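Enquirer: What follows is a predicted structure for the sequence shown.
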Amino acid sequence: MPDRSFLDWPFFGVEQRDAAQSFERWAAERLPTALGSDEDAERDVRGSVRRLVGALGEAGLLHHAAPDGEGPSGGLDVRTLCLARETLARASGLADFAFAMQGLGSAPISLYGTAAQKRRYLPRVSAGAAVAAFALSEAEAGSDVAAMTTSARPCPGGFRLDGSKTWISNAGVADFYVVFARSGEGGGTKGISAFIVDADSPGLDIGRNIDIIAPHPLGTLGFENCRVSADQLLGEPGGGFKIAMATLDIFRSTVGAAALGFARRALDEAVARALTRRLFGQALAELQLIQAKIADMALAVDAAALLVYRAAWSKDCRGGRISREASMAKLYATEEAQRIIDEAVQIFGGLGVVRGMAVERLYREIRALRIYEGASEVQKLIIAGQVLQAARAGAAGDSRR
Ligand code: COS
């Protein structure tokens, strides 16, 4: 039985604990049917994601990813998002992906959409009837968002988009994309706007599929004279960079939570193996070298959980910008999960690298989390930037005294 004692931590209230239980129940009772076998799911990831989104929507769980857009953070409760991702990731990387992308792809609408945009998109995302996607990255603008070149030029009735995007989760599956493009109100981060682009918009081309080590729907998008009406602009013209960053401030903690789910699963698998595998006439768990590994893994899991839920609690209960907390949570949880999973594979020995073993799947699943939604190096830049900014502000205050 996985350790759920962290649910007693003071970060959570009844609402979050109940939601965690609902996800736990869904993962135990409904997920196996919605997913099929891991091998089948990997063979047809696009079909699997559609099925998973439908099943999560039917169970009423997607309203946590796409609430009605009212209230602070557009109604998104980051603690619940994190608990959901942690629970789903422990069971299946693809189920976590299906849930998370409904949130990431619709959060800019929850946060910045007009009443009409929220009405048009959020209920369908929440019901699992529409799949959402977030289209920010470009071949030459991954970590450096401000370098994007996809353009949005005014035209009669709205804007025309030209350019291309890559590393887009749910490319070819999504019913709409939140697309960031250079609209030219200013240079760098100042001249980017966000648009909701329906998948059937003329001029939007679903490019090539990108095959990765842990299969997920991922691909490129092309825009050629793609027309979007003026009412599909999200937020203020030129406000796109802040929309992207504010969305990532919420979702980076949840990436940490998904890594935490993978890490907990790896620890559980390793402990079960260490207790049952016999070596030199005793259980593996009796060997002190193995005990040291288990201690390090358990410590890192708890430390990651504290950082993830501190960040989520800060957003929900304090509000405002939480870039420092979110980046710390994502950086630590993903890096440590990689190490924990690697140790779990080691404890399994040869079996750990056999296709179909849970730890082998986790070993492939975790790698991308250290890269997407801001690579570990970017998280370090953000943390250092926030620490130095606070120190400079403090120093300026001191010199005025
Ligand atoms: N919330 C609100 N506003 C934010 C913000 C946030 N989380 N982060 C930055 N901003 C604002 C800043 O306050 C600044 O506003 P002013 O110019 O009014 O002061 C503006 O946005 C520009 O910020 P900054 O100077 O930090 O921009 P940089 O170009 O230096 O951005 C990083 C740097 C690297 C942090 C940014 O480009 C980034 O996060 N890159 C990674 C992107 C990513 O995650 N890609 C993966 C895509 S999703 S799979």
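Expert: Good, I have the coordinates.

Enquirer: From the ligand, how far off is E325?
Expert: According to CB to the nearest ligand atom, to the nearest Å, E325 and the ligand sit 11 Å apart. Just so you know, the C-beta spots here come from the backbone N, C-alpha and C atoms, and that holds for glycine as well.

Enquirer: where does that residue land on pLDDT?
Expert: Looking at E325, its pLDDT is 97.

Enquirer: Could you count how many residues lie near it?
Expert: Applying other CB atoms under 10 Å, we find 23 other residues in the vicinity of E325.

Enquirer: Just to check, it is in contact with V308?
Expert: No - with contact defined as CB atoms under 8 Å, E325 does not reach V308; the gap is 9.5 Å.

Enquirer: what do the two both touch?
Expert: Among the neighbours of E325, those also in contact with V308 (CB atoms under 8 Å, 6 or more residues apart in numbering) are S253.

Enquirer: Give me every residue in the stretch 251-400 of the chain lying close to the ligand.
Expert: R321, S323, Y372, E373, G374, V378, L381, I382 (CB under 6 Å from any ligand atom).

Enquirer: backbone phi and psi for the residue minimising distance to the centre of the chain, please?
Expert: In the chain, the residue lying closest to the centroid (CA atoms, centre = their mean) is V255, at 4.3 Å. Per-residue torsions, V255: phi -70, psi -40 (degrees, to the nearest 10).

Enquirer: So that it lines up with my notes, have the first residue be 115 from now on.
Expert: Yes, from this point I'll number from 115; that puts the last item at V369.

Enquirer: Which residues are in contact with the residue of the stretch 415-515 of the chain found nearest the ligand?
Expert: In the stretch 415-515 of the chain, the residue that lies nearest the ligand is G488 (3.4 Å; CB to the nearest ligand atom). Going by CB under 8 Å, 6+ apart, G488 touches S257, L362, R366, S441, K444, I496.

Enquirer: Just the pLDDT at the residue lying closest to the second one once chain neighbours are set aside, thanks.
Expert: Read that as L362. The shortest distance from L362 to any non-neighbouring residue, by CB to CB, 6 or more residues apart in numbering, is to E487 (5.9 Å). What the model reports as pLDDT for E487 is 94.

Enquirer: again with S513
Expert: pLDDT, S513: 59.

Enquirer: Would you map the helices across the stretch 365-514 of the chain?
Expert: 402-427, 437-462, 472-480, 490-514 (DSSP state H, counting those that start in this stretch).

Enquirer: Against which helices or strands is the first one packed?
Expert: Taking 3 or more CB pairs under 8 Å, 6 or more residues apart in numbering; DSSP states H and E as the contact definition, the neighbouring helices and strands of helix 402-427 are helix 192-205, helix 354-390, helix 437-462.

Enquirer: downstream neighbour of the shortest one in the secondary structure list?
Expert: With elements assigned by DSSP states H and E, the helix or strand that comes after helix 192-205 is helix 207-226.

Enquirer: can that next one be found next to the ligand?
Expert: No - Helix 207-226 lies out of reach of the ligand by CB under 6 Å from any ligand atom, never closer than 7.7 Å.

Enquirer: Give me the average confidence score over that helix.
Expert: For helix 207-226, mean pLDDT is 98.

Enquirer: relative to helix 472-480, how tilted is that helix?
Expert: 30 degrees (axes from the mean of the first three to the mean of the last three CA atoms, to 10 degrees).

Enquirer: can you give me the offset of the next helix-or-strand element following helix 207-226 from its chain's centre?
Expert: Where DSSP H and E defines the elements, the next helix or strand beyond helix 207-226 is helix 229-241. A distance of 20 Å separates the centroid of the chain from that of helix 229-241, by CA atoms, centre = their mean, to the nearest Å.

Enquirer: swap in stretch 489-504?
Expert: That offset, for stretch 489-504, works out to 19 Å (CA atoms, centre = their mean).

Enquirer: and the gap between the residue nearest to the centre of the chain and A253?
Expert: Distance, V369 to A253, by CB to CB, to the nearest Å: 22 Å.
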